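Engineer: Okay, predicted coordinates and the sequence, questions at the end:
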Protein chains: 2
Amino acid sequence: MDTLLLNKDHIATIVQQVGLNQIMDDITRELCHAFAAYDEAVVDIQTRDGFIYTDPAPSLLEWMPAAIKGETAVVKMVGYNPANPLRKELPTIVSTLHMYDLNTGHLAALCDGTLLTAIRTGAASALASRFLAQPDSHVVGLIGCGAQSVTQLHALSRHFEIERVLAYDVEPAASSSFAHRVAFLGLDVSVVDRATLEADAHIICTATSVAPGEGPVLNHERLHPAVHINAVGADMPGKTEMPLALLKSAHVCPDYLPQAVLEGECQRLAAEQIGPSLIDLAKTPNAYASLRNEQTVFDSTGFALEDMVAMRQMLDYAKELGLGQSVAVESMAYDALNPYSFVQDAVSSKQSAVKS
Amino acid sequence: MDTLLLNKDHIATIVQQVGLNQIMDDITRELCHAFAAYDEAVVDIQTRDGFIYTDPAPSLLEWMPAAIKGETAVVKMVGYNPANPLRKELPTIVSTLHMYDLNTGHLAALCDGTLLTAIRTGAASALASRFLAQPDSHVVGLIGCGAQSVTQLHALSRHFEIERVLAYDVEPAASSSFAHRVAFLGLDVSVVDRATLEADAHIICTATSVAPGEGPVLNHERLHPAVHINAVGADMPGKTEMPLALLKSAHVCPDYLPQAVLEGECQRLAAEQIGPSLIDLAKTPNAYASLRNEQTVFDSTGFALEDMVAMRQMLDYAKELGLGQSVAVESMAYDALNPYSFVQDAVSSKQSAVKS
């Protein structure tokens, strides 16, 4: 039984052959399908768990498991280390995606999750924005201009006629380099102060590494009356980005409620203060169309079903393009009752030498 | 950043070069060191979690995470599918081991966990038997003659002068093929009825796939007065192999208490009915030497620290022998703030074609 490995070069080839726009569009569409079709009888999602450390630097390694019952599981392993970019020139988020056959435990496929986390997080925000933002929104504000903001803007650009992009980051180096990083989108990007961004943007994405308890990352007093906010950064207990007053006055829509109440903006809300989830929105978008005229917050914690969708899409591309490397990882015995049988020759030949 | 992949052939080469006896001895010794040195301030173990299904067949996919705080995590993924050997000619337990750098989230290494689960489970029983069985024990009984029983016997053979091996399985095919599978040990193996095994054995290993609620798998009434039992099969809520009366009268020693009370024989015991753990035994073996003269049960649920030890040992061999394959899995960007930068050329070249 082989494991299909998509290495870094395979992913780069897929991006070259398919194009980033097509990949973003496909994953956004597949996310929408997966949410609209979501059925607890078929899909199993476990809220993520992990190792959290604060010493020597804040760090987090999490596992995010999703399964199609009786068939396939995808487990995303993801490290979150905000000190990485400055200390090690590594991304804050580093990740791998693992697919297992539930009927055997076999590792069926393995690929990068770093690029895919950024893409699927952007895609989820684009989807939420389609459901919750005014369709003619044309000013997008980005609070936090790190890696995730690139795919937030890319994903939004596929659905909105963006005229102006307003960028703000507490690190001047991050905001000043942002225009260069998103140059491929051909948009008008300005670095602005936060007050200008808050006042002018129709859609805001917050994707910050604010520490737990150190939010909020924006002030709600001057926001557009129908602003839609994609709050992307809250992803661990205690970490939130929104002012509590805004969470209480706006419609807050989580991606996946059981996880959002543990680590998203919804941590700070009672059940009756939480609006429809992205799954609800995808199932009956028309039922919630009036929300586009009010202030809305998409509480994006990022959940395992999104990673399963993204991985499946990459495997589909790989199959189409004939990419990937087959590796035999498990030492599967030819005799199921004898773990040593795969090395029987080895056992026999060494026996006289090692038997003491 | 590369991932070190030890594939099936690398593992086979290690077995050929090092020999199964040496591997078993090394892992048993390293387990003993790890337990003796166990310190909650340094090591983090999470009780396993997973997807459990009963339809179409009973199946379980679990993750078992252990970490050296601030350094390294090992996550074992393991499938438990008792229907595999008969339905698919695959082992009941199929597994992979994944090592992550906690400071980045990077997948540092990947290798088989199928052989290693069998070996480390045998090694843990050998260690427990050294602490809890009479040193001159020379009759070993195996209840359940599947894959795990091979390594149970192998591990015990490294520490006891075994004169007779008594094999029993509810599946006659499993007991009758057992002698052939352990022929490399050169021991005197007989298939016996369970009553004979219970009466004659000094050390018993139970490694069965008994379904939850369908135990016990042995009768305690005629056991040797100082018998030591390695109860290996209990590994999920509800699944136990021992008669309750024996658990109450014998000294029950779990491998890792927090997990054993959830899924081991200890599920059925109150805190005060549970004896020293394997960690306690390894730290102060002399304090418990008198237990060798009484009936003892090692409640082996199999825990993540054992897998970390086994994986590290294999990586040590691989380094020594210059084995392994470097693969670049994560699509790490050269600009930490730009997830697309690793494919920047791809982006530029496709831009005109895909920008709509």
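Structural biologist: Looks like it arrived, so ask away.

Engineer: So, low pLDDT: which residues of chain A?
Structural biologist: Scanning chain A for pLDDT under 70 picks out A:344-356.

Engineer: quick one: the helices in it?
Structural biologist: Under the criterion DSSP state H, helices of chain A are mapped to A:8-18, A:20-36, A:84-88, A:114-132, A:147-157, A:172-176, A:178-181, A:194-200, A:244-249, A:257-263, A:278-283, A:304-321, A:344-354.

Engineer: Out of the ones you listed, which is closest to residue B:92?
Structural biologist: Residue B:92 sits nearest to helix A:344-354 of all these, at 19.1 Å, using C-beta to C-beta. All C-beta spots, glycine's among them, are computed from the backbone N, C-alpha and C.

Engineer: Just send the helices of chain A back as JSON lines, with distance to residue B:186 and mean neighbour count too.
Structural biologist: Output for the helices of chain A, formatted as JSON lines (distance: least, C-beta to C-beta, whole Å; neighbours: other C-beta atoms under 10 Å in any protein chain shown):
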{"stretch": "helix A:8-18", "distance to residue B:186": "48", "mean neighbour count": "20"}
{"stretch": "helix A:20-36", "distance to residue B:186": "57", "mean neighbour count": "19"}
{"stretch": "helix A:84-88", "distance to residue B:186": "53", "mean neighbour count": "16"}
{"stretch": "helix A:114-132", "distance to residue B:186": "51", "mean neighbour count": "28"}
{"stretch": "helix A:147-157", "distance to residue B:186": "59", "mean neighbour count": "27"}
{"stretch": "helix A:172-176", "distance to residue B:186": "67", "mean neighbour count": "16"}
{"stretch": "helix A:178-181", "distance to residue B:186": "66", "mean neighbour count": "20"}
{"stretch": "helix A:194-200", "distance to residue B:186": "77", "mean neighbour count": "18"}
{"stretch": "helix A:244-249", "distance to residue B:186": "71", "mean neighbour count": "16"}
{"stretch": "helix A:257-263", "distance to residue B:186": "55", "mean neighbour count": "20"}
{"stretch": "helix A:278-283", "distance to residue B:186": "61", "mean neighbour count": "21"}
{"stretch": "helix A:304-321", "distance to residue B:186": "48", "mean neighbour count": "21"}
{"stretch": "helix A:344-354", "distance to residue B:186": "9", "mean neighbour count": "15"}
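
Engineer: Format these as CSV; extra columns: distance to residue B:79.
Structural biologist: Putting those into CSV (distance: least, C-beta to C-beta, whole Å) gives the following:
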stretch, distance to residue B:79
helix A:8-18, 26
helix A:20-36, 24
helix A:84-88, 33
helix A:114-132, 24
helix A:147-157, 33
helix A:172-176, 43
helix A:178-181, 41
helix A:194-200, 49
helix A:244-249, 41
helix A:257-263, 25
helix A:278-283, 28
helix A:304-321, 18
helix A:344-354, 23
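
Engineer: and residue B:71, which of the ones you listed is closest to it?
Structural biologist: Closest of the helices of chain A to residue B:71 is helix A:84-88, at 14.9 Å (criterion: C-beta to C-beta).

Engineer: From chain B, how far out is residue A:48?
Structural biologist: From residue A:48 over to chain B the distance is 11 Å, taken as C-beta to the nearest C-beta, to the nearest Å.

Engineer: Surely that residue touches residue A:60?
Structural biologist: No - if you go by C-beta atoms under 8 Å, residue A:48 and residue A:60 don't touch, sitting 9.7 Å apart.

Engineer: Write out the residues of the stretch 101-250 of chain A neighbouring chain B.
Structural biologist: With C-beta under 8 Å from any C-beta of the partner chain as the criterion, the stretch 101-250 of chain A meets chain B at residues A:101-107, A:110-115, A:118-119, A:145-148, A:150-151, A:154, A:174, A:177, A:181, A:184, A:186.

Engineer: In contact with residue A:28, which residues?
Structural biologist: By C-beta atoms under 8 Å, 6 or more residues apart in numbering or on different chains, the residues touching residue A:28 are A:123, A:126, A:127, A:155, A:158, A:159.

Engineer: mind redoing it with 6 Å?
Structural biologist: Shown in contact with residue A:28 (C-beta atoms under 6 Å, 6 or more residues apart in numbering or on different chains): A:123, A:126, A:127.

Engineer: got it, and residue A:136?
Structural biologist: Taking C-beta under 6 Å, 6+ apart as the test, residue A:136 contacts no residue whatsoever.

Engineer: How about residue A:69?
Structural biologist: By C-beta under 6 Å, 6+ apart, the residues touching residue A:69 are A:42, A:44.

Engineer: That one and residue A:310: what is the separation?
Structural biologist: Computed as C-beta to C-beta, to the nearest Å, the residue A:69 to residue A:310 distance reads 20 Å.

Engineer: Residue A:239 now?
Structural biologist: Distance from residue A:239 to residue A:310, by C-beta to C-beta: 23 Å.

Engineer: Same question for residue A:77.
Structural biologist: 14 Å.

Engineer: Equivalent analysis for residue A:193, please.
Structural biologist: Taking C-beta to C-beta, one finds residue A:193 at 35 Å from residue A:310.

Engineer: can you check residue A:93 too?
Structural biologist: For residue A:93, the distance to residue A:310 - C-beta to C-beta - is 13 Å.

Engineer: swap in residue A:110?
Structural biologist: In terms of C-beta to C-beta, residue A:110 sits 14 Å off from residue A:310.

Engineer: Just the closest residue of the stretch 101-250 of chain A to chain B, please.
Structural biologist: Closest residue of the stretch 101-250 of chain A to chain B, C-beta to the nearest C-beta: residue A:105 (1.4 Å).

Engineer: Tell me who's in contact with that residue.
Structural biologist: Taking C-beta under 6 Å, 6+ apart as the criterion, residue A:105 is in contact with B:61, B:78, B:79, B:94.

Engineer: Apply 10 Å and report the result again.
Structural biologist: Contact analysis of residue A:105 by C-beta atoms under 10 Å, 6 or more residues apart in numbering or on different chains lists A:73, A:330, B:50, B:59-62, B:77-81, B:84, B:90-96, B:113-114.

Engineer: With residue A:71 instead?
Structural biologist: Residue A:71 touches A:42, A:101, A:102, A:103, B:53, B:56, counting by C-beta under 10 Å, 6+ apart.

Engineer: The third one is in contact with residue B:51, isn't it?
Structural biologist: What it means is residue A:102. Yes - the pair residue A:102 / residue B:51 is scored as a contact, 6.5 Å apart, by C-beta atoms under 10 Å.

Engineer: list residues touching both of those two?
Structural biologist: By the contact definition C-beta under 10 Å, 6+ apart, residue A:102 and residue B:51 are jointly contacted by A:44, A:67, A:69, A:70, A:73, B:59, B:60, B:61, B:79.

Engineer: I'd say residue A:320 and residue A:14 touch.
Structural biologist: Yes - assessed by C-beta under 10 Å, residue A:320 is found in contact with residue A:14 at 9.1 Å.

Engineer: before we move on, the earlier item: quick one: closest of the helices of chain A to residue B:27.
Structural biologist: Evaluated with C-beta to C-beta, the helices of chain A place helix A:344-354 nearest to residue B:27, the distance being 14.4 Å.

Engineer: Residue A:94 and residue B:333: what is the separation?
Structural biologist: Using C-beta to C-beta, residue A:94 is found at 10 Å from residue B:333.

Engineer: let me fix that: residue A:135
Structural biologist: Distance of residue A:135 to residue B:333, computed by C-beta to C-beta: 33 Å.

Engineer: Between the two, point out the one with more neighbours.
Structural biologist: The neighbour count for residue A:135 versus residue B:333, taken as other C-beta atoms under 10 Å in any protein chain shown, is higher for residue B:333 (23 against 10).
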